[in-house]
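Asks: quick one, structure for this:
(chains A, B, C, D, E and F, ligands or ions: 3)
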Amino acid sequence: MTLKTSLRSGLAGLAFAATSAGIAFAQATTETPAAAVPNKGDTTWMLLSTILVLMMVMPGLALFYGGLSRSKNMLSVMSQVTATAALMCIIWVVYGYSLAFTSGGSMTSFVGGFSKSFLAGVGVESTADTFTKGVVIPEYVFICFQMTFAMITPALIIGGFVERMKFSAIMLFVLLWSTFVYFPMAHMVWFSEGYLFTLGALDFAGGTVVHINAGIAALVGCLLIGKRIGYGKELMSPHSLTMTYIGTALLWVGWFGFNAGSNLEATGTAALAMINTFTATAGAALGWLFIEWTVKGKPSLLGMLSGIIAGLVAVTPAAGLIGPMGAIVLGAISGVVCFFFCTSIKNALGYDDSLDVFGIHGVGGIIGSIGTGIFVAPALGGVGVADYAMGAQVWKQFVAVVVAIVWCGIGSLILFKIVDVVVGLRVSPDAEREGLDIAEHGERAYHP
Amino acid sequence: MTLKTSLRSGLAGLAFAATSAGIAFAQATTETPAAAVPNKGDTTWMLLSTILVLMMVMPGLALFYGGLSRSKNMLSVMSQVTATAALMCIIWVVYGYSLAFTSGGSMTSFVGGFSKSFLAGVGVESTADTFTKGVVIPEYVFICFQMTFAMITPALIIGGFVERMKFSAIMLFVLLWSTFVYFPMAHMVWFSEGYLFTLGALDFAGGTVVHINAGIAALVGCLLIGKRIGYGKELMSPHSLTMTYIGTALLWVGWFGFNAGSNLEATGTAALAMINTFTATAGAALGWLFIEWTVKGKPSLLGMLSGIIAGLVAVTPAAGLIGPMGAIVLGAISGVVCFFFCTSIKNALGYDDSLDVFGIHGVGGIIGSIGTGIFVAPALGGVGVADYAMGAQVWKQFVAVVVAIVWCGIGSLILFKIVDVVVGLRVSPDAEREGLDIAEHGERAYHP
Amino acid sequence: MTLKTSLRSGLAGLAFAATSAGIAFAQATTETPAAAVPNKGDTTWMLLSTILVLMMVMPGLALFYGGLSRSKNMLSVMSQVTATAALMCIIWVVYGYSLAFTSGGSMTSFVGGFSKSFLAGVGVESTADTFTKGVVIPEYVFICFQMTFAMITPALIIGGFVERMKFSAIMLFVLLWSTFVYFPMAHMVWFSEGYLFTLGALDFAGGTVVHINAGIAALVGCLLIGKRIGYGKELMSPHSLTMTYIGTALLWVGWFGFNAGSNLEATGTAALAMINTFTATAGAALGWLFIEWTVKGKPSLLGMLSGIIAGLVAVTPAAGLIGPMGAIVLGAISGVVCFFFCTSIKNALGYDDSLDVFGIHGVGGIIGSIGTGIFVAPALGGVGVADYAMGAQVWKQFVAVVVAIVWCGIGSLILFKIVDVVVGLRVSPDAEREGLDIAEHGERAYHP
Amino acid sequence: MKIVMAIIKPFKLEEVRDGLTAIGVHGLTVTEVKGYGRQKGHTEIYRGAEYAVSFLPKIKIEVAVSDELVGKVIEAITAAARTGQIGDGKIFVSSIEKAVRIRTGETDGDAL
Amino acid sequence: MKIVMAIIKPFKLEEVRDGLTAIGVHGLTVTEVKGYGRQKGHTEIYRGAEYAVSFLPKIKIEVAVSDELVGKVIEAITAAARTGQIGDGKIFVSSIEKAVRIRTGETDGDAL
Amino acid sequence: MKIVMAIIKPFKLEEVRDGLTAIGVHGLTVTEVKGYGRQKGHTEIYRGAEYAVSFLPKIKIEVAVSDELVGKVIEAITAAARTGQIGDGKIFVSSIEKAVRIRTGETDGDAL
Ligand SMILES: Nc1ncnc2c1ncn2[C@@H]1O[C@H](COP(=O)(O)OP(=O)(O)O)[C@@H](O)[C@H]1O
Ligand SMILES: Nc1ncnc2c1ncn2[C@@H]1O[C@H](COP(=O)(O)OP(=O)(O)O)[C@@H](O)[C@H]1O
Ligand SMILES: Nc1ncnc2c1ncn2[C@@H]1O[C@H](COP(=O)(O)OP(=O)(O)O)[C@@H](O)[C@H]1O
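Replies: Ligands and ions are numbered 1, 2, ... in the order given. Presented below is the predicted three-dimensional model:
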């Protein structure tokens, strides 16, 4: 497989793609003008970025979500995140990587094939292309980096329906959802033959594939399973904002691997993605802080932390494409809009998206995706793309958002229904009252 | 702007400086003997170092400080640290970086100018010089790395007056203090035209700018605001030494970015800074441990953790300049002296520097700064500097310490007074009794 | 000192070794065909790997162990881990590195000499060889990387007898054990003249030296000191599985430095070690999860976390030598076997290896060591070694395991006896009842 | 005066409080306790160690009321706390001889 | 013998203990409780969810004393625990019929 | 009916519970408390700040029993909780006038 380099150079920093250079050369030695060798600086950067994204999942996300839950469900949340991550590791190397990052023949606009199942043909010499012609990284590290994305995305979804879904239902759902929703979406956005890649929608680090995707699935899930017992009546306050704090901080720390690592090389563009991941996040944190201070009278830590996540989500598709000042504005918008969504609109609509996965990842992801089309404009400090016209670009971004919503919405609905029939989605009311830690896992988080 | 390279080579590893090579060359193509291109190993190292320093701030410092506070103030401490960090991100890119790292014309001995406000002229191709001629790194990563220093320094100050200062007062103080104290001090020490840079005072990673500076500001703050209600009478024990432990450990882990990252390159000198950051810290931890075991009869974990911080602070200015054995001694001295300061001298003087910011960062910073002048001696295993004479060097170090104390002491005093007039420093006694979490932020950290 | 390169190339990725190139060249300028200069990508990778292994020790291991203890002993566990780490830092630079990584003359099959005591002769220009001819890294970073291994290994042992051993006894034991057991074992396995190195036993990242070694010492220690008061009668449940979770997650995150860092270079083999550290761990986590779900009826989080550690331990010696699919199988075997060991066999035998150091590190280490000899087979997806024959290789692995068990078992027994005579191993029953935090350290972990 | 002590299921606290407010009782004191009784507990497993946990989380409410109100208080608590399943808890009534409001020094009836 | 139970503000515990020691009472038992009464609580907000929290942290002290001492105990507690603001708490006195010191088996007056 | 309240050392809880079960008492309520008495506490040091901690962790058990059983209950508790060292704790007995089982509405003897 090769990339359409003409397109890629026009869309520098836009999307991922891997070639197994070592293998290609082994087969066709004629065209080899000396195989590209990975730069050790790049390799180190990608090893680091991979490690950082793992840290986002665990302990990052597990603590962020767990802290927001009640203590009787702490272990269940951490178990769900961890088992999801472990399961995705295995699925990814067995067939996920292949479905996402190989050609799918006649279906290749939507999904890849099975040619690299079990990582067939990949070895220590295999390489994957970066966005710069002639620059490669070891394929194993590319697989690992992408694996961590596949680990975190389904784990994000769990936040929509914590404290009431069966562990077995979550396991089964993750297996199905990754296969029928995630891998195809990843292929569409990141693989050179995928529909959204060829369309030219910008997504530097996975706003569509990861955040909008997870947000929609969580929304569908929480609507189907219904509210927690006592929702709106009993106190359901976070059992430890300290844990949520640690989680948020590690998510921010790890997100540099996610965003700047998506550059696949240790260059000035990675540094740009880094500075944007600072300024957008700070902008969103202060945005949520000040709007809450104004509207509710007190600035809360949970507000600031929610703003941090909202900013990180919004800057994900934009990280290496916009300027640091544009990032502040994009972040602040995301912080303020997500604030209103989570505090007012959700209450008005009355569903129980328990940890606001849709309200922050879905809404923030959409803001980021559309905003990337705007702030990429050189006039607004962005790096620009070939033949940039704001209207046209925003339209492409909009199409990508709609595709994600539709594909993931319908897919998730069907899959949740299947899981409900097969193992049942919800635990018994007694188990829910007692807490999932004891009911489902036979443990308690704390024995003071 | 250019650096006085003659000076720099004589003071290898002494100070920071940035040039926007890309931009400079765009304007004056005549003198370009091929623009220096960043080495990807260096770029990765600086990306990593930046991430590590962020991790020091959050969750590191927030947990270290939060754990030492009472549980009713946990969120307030974490909020103060986090909002400070976010605010400094924005200030830094808006005008802070410019004030610190550009020429300030006639004022340039003391402060920079506004030529890089809003990061004007910085792009993905811009580079910053390192201490090795011809070796550069992307300017964006240099900005980010320095940004994290600007985030942590004001956050350190907060420890002096936790549990009683208004959130609004802290926000305003951080804004003013960074502008009038931090950026000028950073300019004086790290910019090639700054007063202490030209003087030849050694400060590898920011002992003066960060630690002495923060320690003095905290001392002034806690003297002005007064003791906590019940101080000396009620039990004010740390609510979770476990959190303090996590914080300390992550501070140590992150400090390698701080110290070894200050080398700006991935060389043997970075590795020297690393090994010293191990041995000095271990020496200080054991120093505090054994002196406390002897004097108080029991070796406490909090003692060891305090020793770790005391060692890290002391080795900061010395990291790439002294030898690993000298570092053990420097660390042990810092551990023992800070022990006596925090346990005896502070009690004798009777002020409430709540989390011992002055007792550890101030005192340890002074020990480190003076000690650097001594242990840099090749006879003591140090790397030496051109024309080294111990007496002369210690004098320069002493001058730097005095300048920091005076500038920061007077500056902080004035700024705290202004803040007191504008928004008031202290919360009401009722709010202090109830805890700032509920009174100021409307939340509680734990719902077991 | 030089490496037998013929052997090394045959055993690529097998063992560590350091030469102080800078010094060698200073003495014998005749044979210098231009001194090898470290690649900055490699240097960054090793700086990073070192930092990651420190993070495994603290906060990683301290939280993993502390969370499993009762809250009245939380600080004692963290103190023991931390003081061990600090002590080993100092011992390592004073004589440990020298004993492990220099020639020991006539004793060199078993232990090194004192020629690099106090890091004599090491400077910023000194380099250490990697496994690739002509590729070197700064010696300081090699020393630091190995230092972190020397920090974590004795700290692991503590888990066998937490909640009852005296702090002073642990300090003394660590001093003796590192000198008489660890440094010799490290020399035997990793130094080119060591017995197990020359034998050709495979150990990519330290399964024998670190895990089997620690597991055996813990077993001996817990047998000698006896059970905790109330063991088997009173509830001794983990006081915070949340802390254990954070610890486990950071152990996993840090283990990439441990395993992939052991490659000493940022190459495709490091990436292979990384992917195996993902897949083996995931395999083991799911292995323990499903076997527990089947046998006990509920899948517990602690089970999954135990599986994660069991997988990480097993893949340690195998990391850069086997394929990702082999790693899944190796991990799953380790997860299932360790499950039966910790839940059934230990109970049947009736000793109190409190945190299952032997049950996971010992047992998992043995599985990993033997398994490496099997899964390295190219037919099973491994990278192979020169003249590979499964039977012969498994025999060598077996010999290495036996040597580790015998050396460490007898050595630990003698050293524990000495410590018992000198300071006494166990605290008083009253101190044990009250908890070591107050009895030994004069503090409490939590004041809610 | 009497003091009514009730052991109830934790999630019933708000309802009981509302029930008491409805009959004019505006003060009470609440303690987190653990109860042992007919309601069976659960098993916890931590690696090899299995524990049968027979103490279950309960809430203890203490309300001081005048003699006349005791009947209504018992009724209100019973009505609000009952689920009909084992473990709903108990109510115990005893006399108090004196009550004082610390703020004012008022005693007995006035102190409640 | 009587048992005096007092609900007080948490930060008054040390003062009350000192007050009791001063009149010769050297044993007491303390429980962390939550109180509901006239003192108004606060509001907590977690993203969209607002909770009015009406249970406030209080300390419950229980002291068993001989009949003669009851008056002095009430006085001592009242004096030490009073701030004059709503929420200072209550004291309730009831009889106990028997007291035993577990260590020695001593009973009643000797057990206190 | 009587209510027996015992303050014991925390690690004695299981033994006391077993002792009570042995004499046919199958219900009790347990509270974590802090006790102040003759048993001396310990000193905690946090950097420069030293605190003498005189409140020690104890467990409070409350058992409602019929009048006849009181003696056996006291005996059972004393036997199980005694270590012979200072701080073993106390037992206090008082009357209750009424007991109700919330689930069924049964009262008094039937409610226990
Ligand atoms: N004799 C007793 N004395 C004190 N508390 C009791 C007694 N019996 C039961 N309790 C309390 O009442 C709770 C409920 O009792 P249980 O026997 O489980 O169910 P039920 O209330 O339906 O009879 C117990 O958990 C315990 O806290
Ligand atoms: N009737 C009651 N029974 C038991 N406890 C009560 C009662 N009334 C008040 N309390 C306790 O006394 C505390 C203080 O009461 P409150 O009405 O707030 O103020 P004040 O003591 O000033 O009248 C409450 O928080 C509650 O713990
Ligand atoms: N007068 C009292 N009223 C209430 N509780 C008491 C009283 N005296 C002691 N206690 C409780 O009994 C516990 C043990 O008492 P202490 O004097 O230490 O030892 P001992 O029980 O051996 O006499 C105390 O910690 C306290 O909880």
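Asks: which residue, neighbours along the chain excluded, lies closest to whatever residue of chain D ends up closest to chain B?
Replies: Across chain D, the shortest distance to chain B (CB to the nearest CB) belongs to residue D:32, at 8.8 Å. From N, CA and C alone the C-beta is placed, and that goes for glycine too. Of all residues not flanking residue D:32 in the chain, residue D:59 sits nearest, at 6.5 Å (CB to CB, 6 or more residues apart in numbering or on different chains).
Asks: what about the longest helix in chain D?
Replies: Longest helix in chain D, counting residues (DSSP state H): helix D:70-81.
Asks: how about that one against chain F, any contact?
Replies: Yes. Using CB under 8 Å from any CB of the partner chain, helix D:70-81 reaches chain F at D:70, D:74, D:77-78, D:81.
Asks: and which of these is nearest to residue E:90?
Replies: Proximity of those to residue E:90 (CB to CB) peaks at residue D:70, which lies at 17.5 Å.
Asks: so what pLDDT did the closest one get?
Replies: Note on residue D:70: pLDDT of 96.
Asks: what's near enough to touch it?
Replies: For residue D:70, the contacting residues are D:2, D:4, D:93, F:98, by CB atoms under 8 Å, 6 or more residues apart in numbering or on different chains.
Asks: ok, now with 10 Å
Replies: D:1-4, D:63, D:91, D:93, F:97-98 (CB atoms under 10 Å, 6 or more residues apart in numbering or on different chains).
Asks: so which residues on chain D come close to chain E?
Replies: Where chain D comes near chain E, counting by CB under 10 Å from any CB of the partner chain, the residues are D:1-3, D:13-14, D:17, D:20-21, D:25-33, D:59-64, D:94-107, D:111-112.
Asks: out of those residues, which are buried?
Replies: D:1-3, D:13, D:17, D:20, D:25, D:27-33, D:59-64, D:94, D:96, D:98-103, D:111-112 (16 or more other CB atoms under 10 Å in any protein chain shown).
Asks: from the residues you listed, which land in strands?
Replies: Within these, residues falling in strands by DSSP state E are D:2-3, D:28-33, D:59-64, D:94, D:98-101.
Asks: circling back to that earlier point, looking at the residues of helix D:70-81 next to chain F, state which has the most neighbours.
Replies: Compared across the residues of helix D:70-81 next to chain F, residue D:77 has the highest neighbour count, 25 neighbours, by other CB atoms under 10 Å in any protein chain shown.
Asks: that older thread, was I right to think the residue nearest to residue D:32 contacts residue D:5?
Replies: No. Residue D:59 lies out of contact with residue D:5 (CB atoms under 10 Å); the separation is 11.2 Å.
Asks: between these two, what contacts are shared?
Replies: With CB under 10 Å, 6+ apart as the test, residue D:59 and residue D:5 both reach residue D:31.
Asks: mind saving the C-alpha coords of the lowest-mean-pLDDT helix or strand in chain D as PDB?
Replies: Lowest mean confidence among the helices and strands of chain D (mean pLDDT, DSSP states H and E): strand D:49-53, at a mean of 90. C-alpha atoms of strand D:49-53 as PDB (Å, rounded to 0.1, in the frame of the first residue of the first chain):
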ATOM      1  CA  ALA D  49      -8.300 -14.200  50.900                       C
ATOM      2  CA  GLU D  50     -12.000 -14.600  51.200                       C
ATOM      3  CA  TYR D  51     -13.900 -12.600  53.900                       C
ATOM      4  CA  ALA D  52     -17.600 -13.100  54.800                       C
ATOM      5  CA  VAL D  53     -18.700  -9.600  55.700                       C
END
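Asks: for it, buried residues please.
Replies: Within strand D:49-53, the residues scored as buried using 16+ other CB under 10 Å are D:49, D:51.
Asks: does chain A have contacts with that strand?
Replies: Yes. Counting by CB under 10 Å from any CB, chain A is contacted by strand D:49-53 at D:50-51, D:53.
Asks: tell me the one of those nearest residue C:80?
Replies: When these are compared for distance to residue C:80 (CB to CB), residue D:51 comes out closest, at 25.8 Å.
Asks: ranges for the strands of chain A?
Replies: Using DSSP E, strands in chain A cover A:127-129, A:136-138.
Asks: how many other residues sit next to the residue of the stretch 1-150 of chain A found nearest ligand 1?
Replies: Nearest to ligand 1 in the stretch 1-150 of chain A, going by CB to the nearest ligand atom, is residue A:72, at a distance of 17.4 Å. Neighbours of residue A:72 under the rule other CB under 10 Å: 21.
Asks: contacts only, for it.
Replies: With CB under 10 Å, 6+ apart, residue A:72 has these contacts: A:163, A:239, A:432-439, A:444-446, D:57.
Asks: near ligand 1, which of the residues of chain D next to chain E show up?
Replies: Of the residues in those, proximity to ligand 1 by CB under 6 Å from any ligand atom holds for none.
Asks: cross-check the contact I'm expecting between the residue of chain D closest to chain B and residue A:448.
Replies: No. Assessed by CB under 10 Å, residue D:32 is found out of contact with residue A:448, at 11.3 Å.
Asks: what do those two both touch?
Replies: Both residue D:32 and residue A:448 are contacted by B:448, F:32, under the criterion CB under 10 Å, 6+ apart.
Asks: what residues does chain A have near chain F?
Replies: Contacts of chain A with chain F, taken as CB under 10 Å from any CB, map to residue A:448.
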